[in-house]
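S.K.: any chance you can model this:
(chains A and B)
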Amino acid sequence: MSQANVSNSTVIAAHDQILHFPKGGKPNLAPNEWLIWNGSQDEGGLPDLEHGKQNVLVPFAWWVQHHQASDIQSKTKAGHIGVWFAADDDILKHAELIEEGKKVWPLVSAHFPIFRDGRSFSTAALLRDRFQWTGEVRAIGDVLIDQLLQGARVGFDSFALRPDQNLDVALKQFDLFSETTQNSWRDKRATLNI
Amino acid sequence: MYKYDHIDQTLVDQRVAQFRDQVARRLDGSLAEEEFRPLRLQNGLYHQRHAYMLRVAIPYGLFNSKQLRTMALIAEKYDRGYGHFTTRQNIQYNWVTLEDTPDILAELAKVEMHAIQTSGNCIRNITSDAFAGVAVDEYVDPRPVCELLRQWSTLHPEFAHLPRKFKFAINGAKEDRTILLCHDVGIELKKNTNGELIADIYAGGGMGRTPILGSLIKTGLPWQLLPSYLTALLRAYNRFGRRDNLYKARIKILVKALSPEEFARQVEGEWLFNKDSDVNFTQAEWDRVAKHFTKPAYLSLVKLSDQQVINTASELERASFARWLERNVKPHQVPGYASVILSLKPHGSVAPGDATTAQMLAIADLADQYSFGELRATHEQNLVLADVEQSKLHELWQEAKKQKVALPNIGLLTDIIACPGGDFCSLANAKSLPIAKAIQERFDDLDYLFDLGDISLNISGCINSCGHHHVGNIGVLGVDKDGEEWYQITLGGEQGNDAAIGKVIGPSFYADEIPDVITNVINTYVNQRSEDESFIDAYRRIGVTPFKEAAYKNAKKKEKAEVAGDAS
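M.R.: So this is what the prediction gives:
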């Protein structure tokens, strides 16, 4: 589950399988194509992508600083770069940059520093409601089985679970409830025919 | 009262199944305790000093006799034969096991009950006026809005892991019986000049370490827009509430740091984007819910005067019956009816708010016989039969006496609000229950209590303030100093429309000093009051000094000196 050729201290750990749950679709697993760079070793820029995974999620704060660099632009154009939002990123303060990013990012993600920190639930909701982002939103970081249902409802449609999480159990979470009592990105609340 | 439809029932049943699976994963070790903890808390399961404690929701305080029988049987089967009614319209069981919890929740689900969000950093059980729908000073029956918001907040995904707990109170009456201003969000319902239902929103109130009264941040919000407005409000809190310090994580700290005006402005800014969205309530939803809160089948009766009611008792009984009528019976919207408060505060009680299985079963019968099978739980930890015919009050009083729930001490000094404290709670710094018992035993004289009149005395075993000591006219707070239990006294707190936070009078006392301290404070009131002046009015007139001097006149100066200056 370690990510080849890149030191573990520079990446955010994730399962080697990504749980995808597209809106209107069924949950499924697919290989993890994306390295999640934590932004360290900043001086040298991006980690070496030649020998490992080709695609990298970079910290949004780093993107703000470096997205105009030519090598970043070319990698972005080739679809190799997406961003991740830290739990304390105020994405509404960077609306213009995010609007531009929507045109070039293959996916975005939001980070859970610890499973019980719910800020990224609101980040995902804002990405869907406010920015009308229709692409993939991936949950990364301390992503556990018992957050999947909430995450899937607020706007996440893929999950890079923490490596120790059991994916078979994870896949079963989405069928637990057939009814909901408030609207979310994924579903409208149940109503009676009266 | 509200009756589940298949949506509510399915959701609660599925929640039980979800929790059963989570417990199984905990028991087989695949789910670590630290990661299980928020999951069990959001299902009301705490790990206490001796055992697990399960807190079951009584949404906005309303329940029926069938539900009470289930609560009684759960106490018998899974606990030690009693339950504890809390200050937030919940019932707690102190001796359950983790293994039994899914079965308990399944039994609750059969009678349309649950423990969802009774703990944890999420939107908690919504509380309201225990006299909703019957109080004579009511502008608006808050129950349909309470139920709509119960549904809206149940398993709300975006707000499942807030910085800290989040409590709603909803009031629709002239007199506030909900401690609205001590809630994270207080919703005051009223009608505008066109007769439309609107809400004023207060935010940032709370007790705990930093007691603050809520600030008005929005007026005249149409009821339909509550979900979009509350989404904007909670989103602001979820994103910017502090998560670095447990004691500064409540919304009150954020509102205070930003200023209520700036917080309101930020919420308004966010709200602009979703105020017209389909998250809002519809008239059809109102109709679906509100039809359950219609008036029961009241008889057409003539209103009886107080004297006529007193005369339904034999002459020998009249004096004590009249006392009960004075303290425990409240006026009603419908002629010929009254609301009755059953006191769960017998003098020398084990714990204020406790009821045994036998009492719960008997009270369920009383509800069936006298009050359309319905009950309410008050935040003062008593129970209410809301719809009793005046002509049957005497009969009910006799039945209630047999169950020892007829003590006429409602609103008097011994109607003590107290948390379970150090006897049970692992958060507590000190015991609450022996203090409550000692005070009740000291003041076990009804003549004297009646003479003292309205006084609230609230006890919390730690600064989390579950015993609402900040809003007691007299507050007692347990504090830990070098492993010893001490008690700090506050005076001048008040709930209701003139809500106020009590002030600490000085250094703490030993437990065995508290009855004398209370006696000295009470004597000061008795000596200084003018005719018919209540304790709180006298306090406000003469100030803290005479009370403080009296409180410390016999204090154990030596011990006290060692902790002087450490009163906060």
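S.K.: is any residue of the helix or strand hosting B:Val56 near chain A?
M.R.: Take DSSP states H and E as the rule and B:Val56 turns out to sit in strand B:52-57. No - against chain A, strand B:52-57 shows no contacts by C-beta under 8 Å from any C-beta of the partner chain, the least distance being 14.5 Å. Placement of C-beta: from N, CA and C, glycine included.
S.K.: go ahead and name everything in contact with the very next helix or strand once past that strand.
M.R.: Next helix or strand after strand B:52-57 toward the C-terminus (DSSP H and E): strand B:62-64. Outside strand B:62-64, the residues within contact range by C-beta atoms under 8 Å, 6 or more residues apart in numbering or on different chains are B:Met1, B:Tyr2, B:Met113, B:Ala132, B:Arg143, B:Ala367, B:Gly373, B:Glu374, B:Leu375, B:Arg376, B:Ala377.
S.K.: who's in contact with the first one?
M.R.: For B:Met1, the contact set (C-beta under 8 Å, 6+ apart) comprises B:Leu62, B:Phe63, B:Asn64, B:Arg143, B:His292, B:Phe293, B:Glu374.
S.K.: quick one: the fifth one from B:Val145, how far?
M.R.: Here B:His292 is placed at a distance of 13 Å from B:Val145 (C-beta to C-beta, to the nearest Å).
S.K.: those two: who's more crowded?
M.R.: Using other C-beta atoms under 10 Å in any protein chain shown, the more surrounded residue of B:His292 and B:Val145 is B:Val145, with 25 against 14.
S.K.: wait, what's in contact with that one?
M.R.: Residues counted as contacts of B:Val145 (C-beta under 8 Å, 6+ apart) are B:Ile170, B:Gly172, B:Ile187, B:Leu189, B:Leu197, B:Ala199, B:Trp223, B:Leu226.
S.K.: with these in mind, which one is nearest to chain A?
M.R.: Relative to chain A, the closest of those is B:Leu226; by C-beta to the nearest C-beta it sits at 11.6 Å.
S.K.: residues near the residue of chain B found nearest chain A, how many?
M.R.: As assessed by C-beta to the nearest C-beta, chain A sits closest to B:His161 within chain B, at 3.0 Å. B:His161 has 24 neighbours, counted by other C-beta under 10 Å.
S.K.: isn't it right next to B:Gln42, touching?
M.R.: No - using C-beta atoms under 8 Å as the test, B:His161 is too far from B:Gln42 to be in contact (9.3 Å).
S.K.: if I look at the two, which residues touch both of them?
M.R.: Counting by C-beta under 8 Å, 6+ apart, the residues touching both B:His161 and B:Gln42 are B:Cys122.
S.K.: mind listing what the residue in chain A that chain B sits nearest to touches?
M.R.: Distances between chain A and chain B by C-beta to the nearest C-beta are smallest at A:Gly118, namely 3.0 Å. Residues near A:Gly118 by C-beta under 8 Å, 6+ apart: A:Gln150, B:Asn121, B:Glu158, B:Phe159, B:Ala160, B:His161, B:Leu162, B:Asn238.
S.K.: now do the closest residue to the second one other than its chain neighbours, the pLDDT please.
M.R.: So that's B:Asn121. Excluding its sequence neighbours, the residue lying closest to B:Asn121 (C-beta to C-beta, 6 or more residues apart in numbering or on different chains) is B:Leu162, at 4.7 Å. On the pLDDT scale, B:Leu162 is placed at 98.
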